[in-house]
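# below: sequence and its predicted model.
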Amino acid sequence: MLVSYRWICEIAGFSPKPEELGDKLTFSGLEVDELQTVGVGFDNIVVGVIKSREPHPTSGKLHCVTVDSGSGVVSVVCGAPNCPGPGSRVVLARVGASVGEITIESREIAGVPSEGMLCSEMELDIGPDQEGIMILDGETEAAAGTPIDDALGLQDWIYSIGITPNRPDALSHRGIAREMALLYGKPFDPSVPEAAPEGGDPVGKHIKVDLIDQEGCPRYAAAVITGAKVGKSPFSLRYRLHNLGVRPISNLVDVTNLILLEYGQPLHAFDLDRVADATIVVRRASDGERMKTLDEVERTFTGDDLLICDGERPVAVAGVMGGIDTGITQETKNLLLECAYFNPSMIRRTSKRLKLASESSYRFERGIDPNMADDVLRSTTHLICDLAGGTRAPGPMDCYPVPIERKRVALRPGRYESVMGYPVEVQEMRRILKGLGAVVTGTDHEFSVLVPTNRPDIEREIDLIEEIARVVGLDKIPSLLPRIQSCIPDREEYEVGMRVRQIMVSLGLEESISYSFVPEEMLVGMGLSDRVIKIANPLNSKRETMRTTLLAGLIENLKRATTRYVGLVRQFEVGRTFHDEGGELPLEVLRVAAIMNGSRDSWIGEDHGPVDFFDAKGIAGAFIREFTGMDPVFEPVTDLDYMHPNRALRVVVGGDDVGVVGEVHPKILADQKLGRGAVGFEVDAMKLWGMRKISVASPLHEFPPMVRDVAFLVEEARDAAPIEDALRDACGPLAISVSLFDVYRGKGIEDGKKSLAFSVVYRSREKTLTDEEVDTIHRTAIDSITTEFGVRTR
Amino acid sequence: MDPQEIINDLQKLADRFDDSVNALATEQQIRDLQASFLGKKGEVTMLQKLLGKLPGESRREVGQAFNQAKQRITSAAGDAIDGLVNREAREYLDRHTDLTLPGRAPSMGRMHPITTVMYDIVDVFVSMGFDVALGPEIETDLYNFGKLNFPDDHPARDMQDTLFIKEGKTLLRTHTSPVQIRTMLEKPLPIQIVAPGAVYRRDDDPTHSPMFFQVEGLLVDEGVSFAHLKGVLQAFLARIFGRDVRSRFRPSFFPFTEPSAEVDIECISCKGAGCNLCSGTGWLEILGSGMVDPTVLEGVGIDPERYTGFAFGLGVDRIAMLRYEGISSIRLLYENDPRFLEAFRR
Ligand SMILES: [Zn+2]
């Protein structure tokens, strides 16, 4: 909310330094985001008095005037249509003045010398009016040459304050002025508005109010003014509204806006002559009822919306916006001012449902003071009659069947100390509560506090404690370290996540954190859109579906990197995937996934080629071994839409399916306009963690190893692993390692065949093996393989 | 056969070996040459077969000559091999290498800057005795709002623009605060936890990401006061931003704490003088905090007369952006550009 420093000082009756006041407000909970000085920088811009006015000799649109500048009479050529005659006060920018971007110089305009410029509000940035120059008659009596900021009292400081939802009282200049008085320890004693002149029929002759829905509208007060004349507000009022971000419209409308800013009470002004049957009915809408609001939109209502109606039709959405047919126009003479208190929740629901928020609904839904209608109507009618003429119809018009009383709340000063950790003098507490407008009775051990109705947020002892704490200042509170009870740590999932990250990082991959929501079409393309969770109000269609796989985000990273000409990605991600299992909340699974593309590590003149399936398989295997102490088993898989049909394997650990490793299906990559060749894996981290084995160190071998190699000539289609497994069995317990070390095709090998070369390490823990022992075992093992697989050695 | 003639032949053989051996380039050639003199069918060996035919008195003299010749050849071969090794060693040492070529660096893994910062934050509290709790990222409206004292139809709900799964029922959690509720419902008192994790808001601009990370803290016990909140948070700020960091507590509003405070630290860039980072104020808003609202405690069955507590929450992204320079937009953190990720050392 924008707040005028000058205005709150006027209300509070004293003027501290603007910056100091800003700090005090911030540290009492009204955070000043910005403090801006306005109405300064008008050097050489002064009140000028027109001495003479002649038409320009050649141009019909221009006038040649002479102006008393306070330091001599100057000639000025003026193009404004409203250029006034002798005796009028205008704003003169003398030679040397800066007006917006322009510096005023002596120059000729259409052949006539001009030594200055007569300015409009817009040119001086003190109002929106650009129709013509400012004419100060009636605004100031200041002598020619008086600086314009002095003559019009322009200087002010505008605070931009972020008001939290618990402080509806601070949504007005009076509320902030009250806070200001409290913070400076001064009494708050604002002036009581004068009464408007009364005349004509009593208000009851002009209007009948039928308050049907008391739940939605606990209070409906009104006033009638007859014989007013719509016109322009005086500059001082328009300037104040302008600085506070409100566009001046006409005296009647400007006054209601000014009162809103002063008291925080939204008012609605109806043109009384357009209110049918001189009747106001406050009732719920019927389902489907319609009305066109001031913004010219046709609105449809439900039975939960509160409407203000006349004898025939709805004329306003209560507390939100008026209807277009009964609003104030240039012709309005008689007006009905509505000053009501509406149910905050209902106003909020209506405003949400209609997606229509206004200054009015903003305040009603936070809760205004229901008991300020008398002052507000008095102040409003006085100001309108003062500016627009007319008289107030005598008598009260106030439907307030069940007055809203002040709440009584108990406060134990001792409780304050135990919650805040330091004491405040009982007298100081009483002073602060009184400064809030509360009445404090009771003992020094337990106050009985009668809370003012402008503070609907104060309902409990803790609310009073907060009020005292914020006024005293949180900086007064000492810092203490609490005694913390030791606890048995219970943070498995957190630690698992960190452990996974450490291992993946040590394998040379960078961690990605990508959005948990992904485009649904991506999951559909991957065949992973089953039991998917969708966001009801997504930001856009790219972010509408919760991921069922971490690979989706990683593929998006790949795409982003590629469009930015980064050809190498080696990333992993640890995070949750989301699956609808039919419960209220979805299943969230902690997974780890990786993706890689581009070339392997290489060096000048070397090329180790691009990464392929085996890089992914190697990293997945290394991760699982390090994470669980178990060897993964890789089994064939063919039913995955997102992996290459012949280059993907299911990862199985301890007999349990834990994930997939493979080359991403070229179709999925093509959908993202990516070339083929990205590889990756995804496994269930918590599942794996549950399977981990305790690491056991075996004694190191003492006796020397004996190494024997063997190569088998096999059909191209035969896989290596079954032969390796069989060889391992056949070589027996002395073979501590059996590993494939070469796959050879080409010279010396017939077409359609390949050579698989294995290395077997024999080693005993008891003795040094002899050549003869090892040769015997090795030969027998080879024979059993050639027989079992029908292959021969090479 | 004249013994003297044999001795002369041996002399000539040894001389010939000397002449030949130094011209050889490899150890194998030297060994081969040696074998052609001293091996089974070597010239010296063949000559030695005549030894038995000599008269007894000259046999001794000739035998000595054989030994000398063999020794000469063996040691000449040894010297030649040594010379060869020395020459290789010298050549190896003298060989030129272009040391200006770049080194071979293995590709290195790194944690995401968010993870690094989150870990550091959690670590401070864990070392103070807090445990770590996590919760679901998709939450019920009840735990995300209701139990945290956000009434239905209350403007406080506007403070957090929500992504819903089912409007009014389930949603992407807007803060880590529901973990407070879950922990208080499940764990015995006293409670001391921090809860790191992803949270979601319906915001997307250079200063707001629809997903970001928070760390929530909660301590509930007998006799906990706002002074303890200040003590713990100041200790935390000193660990993260340095011992001399200045901080200030400003009254604020959160539905689930009362009294509530926002905590600012003195701008780490300008040390309070005012700069772009702090919008000229000299201060940076760093976390939100307060005493747990009695309504929240009652809602989870804790007696607010007996127990009090404090809670706080901070944005990990914000701290990451303060700790690392050059993160111009929060959204960069979630684009995972390899060039961006490579820039962050621990
Ligand atoms: Zn700064």
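Great, that's in hand.
# ok, and for the worst-scoring helix or strand of chain B on mean pLDDT, which residues are buried?
The weakest-scoring helix or strand in chain B, judged by mean pLDDT, DSSP states H and E, is helix B:43-48 (a mean of 82). By 16 or more other CB atoms under 10 Å in any protein chain shown, the buried positions in helix B:43-48 come out as B:43-45, B:47-48. Bear in mind the C-beta positions are built from the backbone N, C-alpha and C, glycine included.
# quick check: of the residues you listed, which lies closest to residue A:776?
Distance to residue A:776 across the buried residues of helix B:43-48 (CB to CB) is lowest for residue B:45, with 39.7 Å.
# what are the bridge partners for residue A:593, then?
The bridge-partner assignment for residue A:593, based on DSSP bridges, gives residue A:573, residue A:682.
# tell me the contacts of it?
Residue A:593 sits next to A:549-551, A:554, A:572-573, A:680-683 when contact means CB atoms under 8 Å, 6 or more residues apart in numbering or on different chains.
# if we can go back for a sec, how about JSON lines for the buried residues of helix B:43-48, with distance to chain A added?
What follows is the buried residues of helix B:43-48, written out as JSON lines (distance: CB to the nearest CB, whole Å):
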{"residue": "B:43", "distance to chain A": "37"}
{"residue": "B:44", "distance to chain A": "35"}
{"residue": "B:45", "distance to chain A": "32"}
{"residue": "B:47", "distance to chain A": "39"}
{"residue": "B:48", "distance to chain A": "36"}
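# buried set for the helix or strand containing residue A:626?
For residue A:626, the enclosing helix or strand under DSSP states H and E is helix A:613-628. Judged by neighbour count (16+ other CB under 10 Å), helix A:613-628 contains these buried residues: A:613, A:615-617, A:619-621, A:623-624, A:626-628.
# over to stretch A:464-473?
By neighbour count, with 16+ other CB under 10 Å as the criterion, the buried positions of stretch A:464-473 are A:464-472.
# and the one residue sitting closest to the centre of chain A, helix, strand or coil?
Of all residues in chain A, the one closest to the mean position by CA atoms, centre = their mean is residue A:539, 12.7 Å from it. With DSSP: H, G, I helix; E, B strand; the rest coil as the basis, the three-state label of residue A:539 is coil.
# how near is it to chain B?
Relative to chain B, residue A:539 is positioned 5 Å away (CB to the nearest CB, to the nearest Å).
# quickly list what the most centrally placed residue in chain B is bridged to.
Chain B has residue B:110 as the residue nearest its centroid, 6.3 Å off, counting by CA atoms, centre = their mean. Bridge pairing for residue B:110 (DSSP bridges) gives the partners residue A:510.
# mind listing the helices for the stretch 101-250 of chain B?
Under the criterion DSSP state H, counting those that start in this stretch, the stretch 101-250 of chain B carries helices at the ranges B:113-128, B:141-144, B:178-186, B:226-241.
# now tabulate those in CSV and tack on mean neighbour count, mean pLDDT and distance to the ion.
As requested, these are arranged in CSV below (neighbours: other CB atoms under 10 Å in any protein chain shown; pLDDT from 0 to 100; distance: least, CB to the ion, whole Å):
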stretch, mean neighbour count, mean pLDDT, distance to the ion
helix B:113-128, 20, 95, 20
helix B:141-144, 20, 96, 34
helix B:178-186, 21, 96, 32
helix B:226-241, 21, 95, 13
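# export those to CSV and tack on distance to residue A:215?
What follows is these, written out as CSV (distance: least, CB to CB, whole Å):
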stretch, distance to residue A:215
helix B:113-128, 47
helix B:141-144, 25
helix B:178-186, 31
helix B:226-241, 39
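# quick one: strands adjacent to the following helix or strand past the helix holding residue A:626?
From helix A:613-628 onward toward the C-terminus, using DSSP H and E, the following helix or strand is strand A:633-636. Strand A:633-636 has its sheet partners listed here by DSSP bridges as strand A:643-653 (antiparallel).
# can you name the residues in contact with the partner strand?
With contacts defined as CB under 8 Å, 6+ apart, strand A:643-653 is touched by A:613, A:617, A:620, A:624, A:628, A:630, A:632-638, A:640, A:657-666, A:681, A:683, A:688, A:691.
# filter those residues down to the buried ones.
For the contacts of strand A:643-653, buried by 16+ other CB under 10 Å: A:613, A:617, A:620, A:624, A:628, A:632, A:634, A:637, A:640, A:658-665, A:681, A:683, A:688, A:691.
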